[in-house]
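**Q** need coordinates for the following:
(chains A and B)
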Amino acid sequence: MPKASATSSTAPLPNLRSSVQVTYWFMYDRYSPGDFEAKWRERWLKADLFRTREETGRPKFYTLDFFPYPSGAGLSVGHCRNYVPTDVLSRMKYMQGFNVLHPMGFDAFGLPAENEAIKRKSHPAPMIEKYAANYKRQMDLIGCGFDWHRSFKSSDPSYYKWTQWIFGLLYERGLAVRKLAAVNWDPVDKTVLADEEVIAGRAERSGALVEKKWIPQWYFRITEYAQELIDDLDTIDWPEGIKAMQRNWIGRSEGCQFTFRVVGTANEARIDLDTAIEHGEARPQSNGLHFDVFTTRIDTIYGVTFCVLAPEHGIIEHLPITAEDRARIKEYQDAAKSLSDTDRTAENREKTGVFTGAYAHHPFTGERIPIWLADYVLATYGTGAIMAVPGHDQRDFDFATKFRIPIEPVIIGPGGLDEIRALRAQGKAFEPKDGTLINSSHYDGLSVLEAQEKLGIRLESEGIGERKIQYKLRDWLISRQRYWGCPIPVIHTKDGEEQLVPLSQLPVELPMVDSYEPAGDGSSPLAHIDEFVNCTDLDGSLARRETDTMGGFACSSWYFLRFCDPENFEAAFDPEKIKYWMPVDCYVGGAEHAVMHLLYARFWTKVLYDAGVVPVKEPFQTLRNQGQVLAMSPYRKPREGEVLGVAEDGILVSFEEAKLMPEADLTWKWVRMSKSKGNVVTPDEAVEQYGADALRMYLLFVAPFHADVQWSNEGMQGISRFLGRIFKFAGEVQPHFAENWQDILPFEELDDLSKRIRRATHQTIRNCTKDLENFGFNTYVSWLMKFMNEITECLELAKPRIANERHLQLAMSEALETLILLVAPSAPHSADQIWEDLGKEGFTYHAHWPTHDDDLAAEDSLTIAVQVNGKLRDTITVPANTPKEQIEAEAQASVKVKIYTDGKEVKKVITVPGRLVNIVVAG
RNA sequence: GCCCGGGUGGCGAAAUGGUAGACGCAGAGGACUUAAAAUCCUUUGGUAGUAAUACCGUGAGGGUUCGAGUCCCUCCCUGGGCACCA
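**A** Coordinates of the predicted model:
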């Protein structure tokens, strides 16, 4: 760390009014943040600078960062790319006169902490405590102004008491229910695994083949809110990409659901329904078995040549089929059972399936349609059964091709049947969004849309089915068979009834234990702990406590509400405080939470709104996503016998392993920083070398906010140099600094240089403010740099006269003070240091954000581009208020322009005010 | 396969349909210094030219326009997300 030649803390205060000295008392010979940054952080802490204020007369501004999970690897520069911009924005908003709420807490529950605790045989709570404390230290180190009075961890009983209360609220509204679900089961460890712990169908730890096990699980019925969750996206200011992802995730589709009746055995006679109806006959009876299908393409119903049931479909065991068929089916079902969802849904996988031996009755043609089983149809989506139209659906096409099932085209496009044949030769189905129906009885010739309309009506009028809206969205599985989570506040009475634990008995606290060994039957480690499990029900009878805990997404679905009133022991929050602070004005985090967290938080807010507990339907008015910070990680080629996962082309190795391997065997890839990748760069080192302010500004400047960054420390040097120049500039202006420049600067009497200084000042205020408000952090920094370049040049020009010329002193004082305040949000330590060195009282945080004057910012001359036929040929400079006609005349008079226009007919002249003149000539 | 982003100098990038490359990094040359560091100044898209200047240039190809990095169509490459979702 370079040493400063002098520092303000040791130098005596000069007499500001009389000092015109050659050596500047607070000028460093190089930028030396180590000498003052820590001092300012202590002062901010002592002054309780960032405590949230709720003063009347100031509008509110609520800035929020995604709730971080405190990892043992520490805060990475990737996190900083989230927190620094929001800190900058919060600081500016405060200076602009807002009451700012900018809190920080920790999403402490979760799998990594529990697994680490098991490995180390120590409780996760103190471990998380330590990690969170380190995060806080690092956030303080980079100068983030969080209000730590409002901080909490989701694992604090005082917090999760209310998470449990909200669970109860959902339960009472019928939105928390228990139903059977398949979980990943490790038969060796006898434990339930998270998806993340299953690698290519095997348990990450034990290596055992993962099985499916059906156990009762708690769900939140988010599907009840599917439509609202789509509709209200229109009311919020989020990136369109994120909105689109949510819409797709919820996946509304309009279509028809209708019934296929199962028609006995292969010998049963064909019945033509169309004929039957024409003769006024009732629909023929079947054996009473039926199943429903959903389709968005009812227009293709005449192209149905088979049906497919998911292997788990409930009707299968009742099908009227032979024992032989049943044996084949059983075999296929078993095979499907052993497959993980990943395997079953793998790309380009060859279709598998088995014919059941049973047939369904086509509701319109009366034809017998063979019923197949195939695992590409999932029991969990829709009705678990489909009508297959191999002519117009690629998956059905692949299946039909493999099993030699007829493929019938029922829609043609402009290319007619030839187009379809050509595609078929390439193994492709014709999947048109629009077209004309053929082979479809009296619907032939209709367009897709017309047919959908008519066929939908027909289904309904004949009582076969209905038009229906279907969503892809599934209910939210909340149960975890894990220790380190928020306990679900339910007890099971000896009669098998569920009872909600009343508020008076909340929180249901996690017991402190030493062992988290799995229970062996798929239930949580909590099931081992008698004093937790044994309890009494509301009548005082012996009962058993629910031992599942909630997944972490529950805890992060309402923390933004708690921040509004974190110390409330009587309630989750005071509605008045929520009314004041909500919604969050600016929510910032990575795009990786586009769907899950952001959808769940919206869902809880809507439920709380419907319960009359919060006054907003949407929690986050504005959302912005910062780009990822990438770092290098080493990958090696797979060894013999090793299988790579889908879309992987190498195997991650640790940095230690990589050192021992020849470079040729390694591939270095830019990947997201994470503990598991071992490539986390913490801010500590950068702060040590360049200081917190330089790191902050570099993070803002390095790339546009939303863009990914490949991390390197190069470039921080440039920011460090820039901050040094500000100090130097301030040191040179300081002897001429006029505290009262605002009152007495005579605008009209300015000379050209003073005008130039003031113009640059006011343009910079305008540009910086606008860019900060629009998340243009990188251009905000470049405006500051440009301003610095301009006023440094002005200062050089002013040097011979500034000691004697008042207007120059005043203009330069305004420029300096403005510079400090504009820099303050991003480089607060440096700004406060210079502020103090100038003899100013207090902190820049308490100063007012500068506002600009349009008249002062206006240029008095303009550079106009002159084009001939759209090609730049000259530029001319004219006074700002030159009339259009005169600009055009001057443009045409230009010698350079005449070369291209002489002797040619001017067809028209296009003038863009303040920008350019384009002369269009013939030939 | 589907969905959402990106492709601009050696590098990070800027640019309400209006002078492409602002601002910075890195490089080159210079000043200061015994020297180095630091700092400051000059310079840097490509090609041709001593120069003025000309031509070419924003992944490729078309289109709209007086004018396209920006809008439209087709394609290529690339990052991220996903539940083969009917």
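**Q** where does the residue sitting nearest the centre point of chain A land on pLDDT?
**A** Centroid-nearest residue in chain A: residue A:591, 2.9 Å away (criterion: Cα atoms, centre = their mean). Predicted confidence (pLDDT) for residue A:591: 78.
**Q** any idea whether the residue in the stretch 351-500 of chain A that RNA strand B sits nearest to is helix, strand or coil?
**A** Residue nearest to RNA strand B within the stretch 351-500 of chain A: residue A:381 (3.3 Å; Cβ to the nearest atom of the strand). All C-beta atoms are positioned from the backbone trio N, CA, C, and that covers glycine. Secondary structure, DSSP: H, G, I helix; E, B strand; the rest coil: residue A:381 is coil.
**Q** next, the nearest residue to it once chain neighbours are set aside: phi, psi?
**A** Spatial nearest neighbour of residue A:381, chain neighbours left out: residue A:472 (6.9 Å); criterion: Cβ to Cβ, 6 or more residues apart in numbering. Note on residue A:472: backbone dihedrals following degrees, to the nearest 10 are phi -70, psi -30.
**Q** now for residue A:472, how many residues are close by?
**A** 14 (other Cβ atoms under 10 Å).
**Q** touching, it and residue A:246? I think so.
**A** No - Residue A:472 is beyond contact range of residue A:246, at 11.4 Å (criterion: Cβ atoms under 8 Å).
**Q** just name the shakiest helix or strand of chain A by mean pLDDT.
**A** For chain A, counting by mean pLDDT, DSSP states H and E, helix A:273-278 ranks last in confidence among helices and strands (a mean of 37).
**Q** any idea which residue of the stretch 551-700 of chain A lies closest to RNA strand B?
**A** residue A:592 (5.6 Å).
**Q** flag every residue of the stretch 101-250 of chain A that's near RNA strand B.
**A** Contact residues, the stretch 101-250 of chain A versus RNA strand B (Cβ under 7 Å from any atom of the strand): A:240-241, A:244-245, A:248-249.
**Q** what do you get for the stretch 751-900 of chain A?
**A** A:776, A:778-779, A:781-782, A:785-786, A:788-789, A:792, A:863, A:865, A:867, A:869-873, A:875, A:896.
**Q** before we move on, back to that, what number of residues lie near the residue of the stretch 351-500 of chain A closest to RNA strand B?
**A** 15.
**Q** residue A:38 too?
**A** Based on other Cβ under 10 Å, the number of other residues close to residue A:38 is 14.
**Q** which residues touch the closest residue to residue A:848 other than its chain neighbours?
**A** Nearest non-adjacent residue to residue A:848, counting by Cβ to Cβ, 6+ apart: residue A:95, 6.3 Å away. Shown in contact with residue A:95 (Cβ atoms under 8 Å, 6 or more residues apart in numbering): A:821, A:824-825, A:844-845, A:847-849.
**Q** quick check on those residues: which are buried?
**A** A:821, A:824-825, A:844-845, A:847, A:849 (16 or more other Cβ atoms under 10 Å).
**Q** per-residue confidence for the residue nearest to residue A:381?
**A** Reading off the model, residue A:472 has pLDDT 82.
**Q** out of the residues of the stretch 101-250 of chain A next to RNA strand B, who's nearest residue A:188?
**A** Set against residue A:188, the nearest of those by Cβ to Cβ is residue A:249 (34.3 Å).
**Q** got the buried residues for whichever strand or helix holds the closest one?
**A** Residue A:249 is part of helix A:240-250 when elements are defined by DSSP states H and E. Judged by neighbour count (16+ other Cβ under 10 Å), helix A:240-250 contains these buried residues: A:242-243, A:245-246, A:249-250.
**Q** phi, psi for the closest residue to residue A:157 other than its chain neighbours please.
**A** For residue A:157, ignoring the flanking residues on the chain, the nearest one in space by Cβ to Cβ, 6+ apart is residue A:507 at 4.8 Å. Residue A:507 adopts backbone torsions of phi -80, psi 150, taken as degrees, to the nearest 10.
**Q** gap between residue A:507 and RNA strand B?
**A** Residue A:507 sits at a distance of 30 Å from RNA strand B (criterion: Cβ to the nearest atom of the strand, to the nearest Å).
**Q** near that residue, how many other residues are there?
**A** For residue A:507, the count of nearby residues is 20 (other Cβ under 10 Å).
**Q** next one: residue A:632
**A** Residues near residue A:632, counting by other Cβ under 10 Å: 14.
**Q** sorry, back to before: wait, the residue nearest to residue A:157 touches residue A:164, no?
**A** Yes - counting by Cβ under 8 Å, residue A:507 sits close enough to residue A:164 to count as a contact (5.8 Å).
**Q** got any residues that touch both of those two?
**A** With Cβ under 8 Å, 6+ apart as the test, residue A:507 and residue A:164 both reach A:487, A:489.
**Q** returning to what we had before: adding secondary structure, write the buried ones among the contacts of residue A:95 out as JSON lines.
**A** Shown next, in JSON lines, are those (three-state DSSP):
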{"residue": "A:821", "secondary structure": "helix"}
{"residue": "A:824", "secondary structure": "coil"}
{"residue": "A:825", "secondary structure": "coil"}
{"residue": "A:844", "secondary structure": "helix"}
{"residue": "A:845", "secondary structure": "helix"}
{"residue": "A:847", "secondary structure": "coil"}
{"residue": "A:849", "secondary structure": "coil"}
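**Q** nearest to RNA strand B, of these?
**A** residue A:825 (17.2 Å).
**Q** pLDDT score for the closest residue to the closest one other than its chain neighbours?
**A** Closest residue in space to residue A:825, ignoring its immediate chain neighbours: residue A:91 at 3.8 Å, by Cβ to Cβ, 6+ apart. pLDDT recorded at residue A:91 is 97.
**Q** again, but for residue A:381
**A** Confidence for residue A:381, expressed as pLDDT, is 72.
**Q** that one contacts residue A:473, doesn't it?
**A** No - between residue A:381 and residue A:473 there is no contact under Cβ under 8 Å: 10.2 Å.
**Q** just give the number of residues close to the residue in the stretch 801-923 of chain A positioned nearest to RNA strand B.
**A** Proximity of the stretch 801-923 of chain A to RNA strand B (Cβ to the nearest atom of the strand) peaks at residue A:870, 2.8 Å away. Residues near residue A:870, counting by other Cβ under 10 Å, number 10.
**Q** surely it and residue A:917 touch.
**A** No - here residue A:870 lies out of contact with residue A:917, judged by Cβ under 8 Å, at a distance of 11.6 Å.
**Q** before we move on, back to that, please indicate which of the residues of the stretch 751-900 of chain A next to RNA strand B are buried?
**A** Going by neighbour count (16+ other Cβ under 10 Å), these have A:776, A:778-779, A:781, A:788, A:867, A:873 buried.
**Q** closest to residue A:690 among those residues?
**A** Using Cβ to Cβ, those come closest to residue A:690 at residue A:781, 14.9 Å.
**Q** poorly predicted segments of the stretch 101-250 of chain A, please.
**A** The model of the stretch 101-250 of chain A has pLDDT under 70 over residues A:195-196, A:199-201.
**Q** please, where are all the strands along it?
**A** A:176-186, A:191-193, A:198-199, A:202-203, A:211-220 (DSSP state E, counting those that start in this stretch).
**Q** just to revisit the earlier point, could I have the CA atoms of whichever strand or helix holds the residue nearest to residue A:825 written out in CSV?
**A** Element membership for residue A:91, per DSSP H and E: helix A:77-95. Coordinates of the C-alpha atoms in helix A:77-95 are reproduced here as CSV (Å, rounded to 0.1, in the frame of the first residue of the first chain):
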residue,chain,number,x,y,z
VAL,A,77,-17.7,-9.9,-6.2
GLY,A,78,-20.8,-11.3,-8.0
HIS,A,79,-22.9,-10.4,-4.9
CYS,A,80,-21.2,-7.0,-4.9
ARG,A,81,-22.5,-6.4,-8.4
ASN,A,82,-26.0,-6.7,-6.9
TYR,A,83,-25.5,-4.7,-3.7
VAL,A,84,-23.3,-1.8,-4.9
PRO,A,85,-25.7,-0.6,-7.5
THR,A,86,-28.7,-0.7,-5.1
ASP,A,87,-26.5,1.0,-2.5
VAL,A,88,-25.7,3.8,-5.0
LEU,A,89,-29.4,4.2,-5.9
SER,A,90,-30.4,4.2,-2.3
ARG,A,91,-27.8,6.8,-1.4
MET,A,92,-28.9,9.0,-4.3
LYS,A,93,-32.6,8.6,-3.3
TYR,A,94,-31.8,9.6,0.2
MET,A,95,-29.9,12.7,-1.0
